[in-house]
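*Asks:* Test case, fold it:
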Amino acid sequence: MNYDDHLDTIGALCPIPVLKAQKRLRNLNSGEILNILADDPAATIDFPHFCNEQGHTLVKIEEHKNFKSFFIMKK
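*Replies:* Residues are numbered from 1 along each chain as shown. Sure, this is the predicted structure:
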């Protein structure tokens with residue numbers, strides 16, 4: 001999947017992945033996509049909740065062997 005920016009939060013635990021994503025999204029334009037890599041099990045709950053609360057769109061979650069990729073489109 002194409003994206004406009006990339007953030008690697010592997011090794012970081014809740015709430016750090018969401019906080020870093022929130023900061024990075026500030027630099028994107030509306031409609032641009034941020035790809036976040038995360039291995040924190042809580043990220044599967046945290047990112048959908050974050051998007052719902054902030055109005056962003058969780059476009060896709062890709063599962064990999066030891067981590068997940070979250071694709072968030074900025075509102």
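
*Asks:* tell me which strands and helices the longest helix anywhere in the chain is in contact with?
*Replies:* The single longest helix within the chain, with elements called by DSSP state H, is helix 43-54. Other elements packing on helix 43-54 under the criterion 3 or more C-beta pairs under 8 Å, 6 or more residues apart in numbering; DSSP states H and E are helix 16-25, strand 33-38, strand 57-63, strand 68-73. For every residue, glycine as well, the C-beta is placed using N, CA and C.

*Asks:* if you average pLDDT over the longest one, what comes out?
*Replies:* Taken as a whole, helix 16-25 has an average pLDDT of 98.

*Asks:* ok, now the second one?
*Replies:* Strand 33-38 shows a mean pLDDT of 98.

*Asks:* Contacts for the longest helix of the chain, please.
*Replies:* Here helix 43-54 makes contact (C-beta atoms under 8 Å, 6 or more residues apart in numbering) with 9, 14-15, 17-18, 21-22, 36, 38, 40, 56-58, 61, 68, 70, 72, 75.

*Asks:* Could I get the helices and strands packed on helix 43-54 in TSV, plus columns for mean neighbour count?
*Replies:* Shown next, in TSV, are the helices and strands packed on helix 43-54 (neighbours: other C-beta atoms under 10 Å):
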stretch	mean neighbour count
helix 16-25	18
strand 33-38	22
strand 57-63	13
strand 68-73	21
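
*Asks:* count of neighbours near Thr44?
*Replies:* Residue neighbour count, defined by other C-beta atoms under 10 Å, stands at 13 for Thr44.

*Asks:* go on, the one 4 residues further on?
*Replies:* Pro48 is flanked by 14 other residues according to other C-beta under 10 Å.

*Asks:* One more: Asp4?
*Replies:* Neighbour tally, Asp4, other C-beta under 10 Å: 14.

*Asks:* Cheers, nothing more for now.
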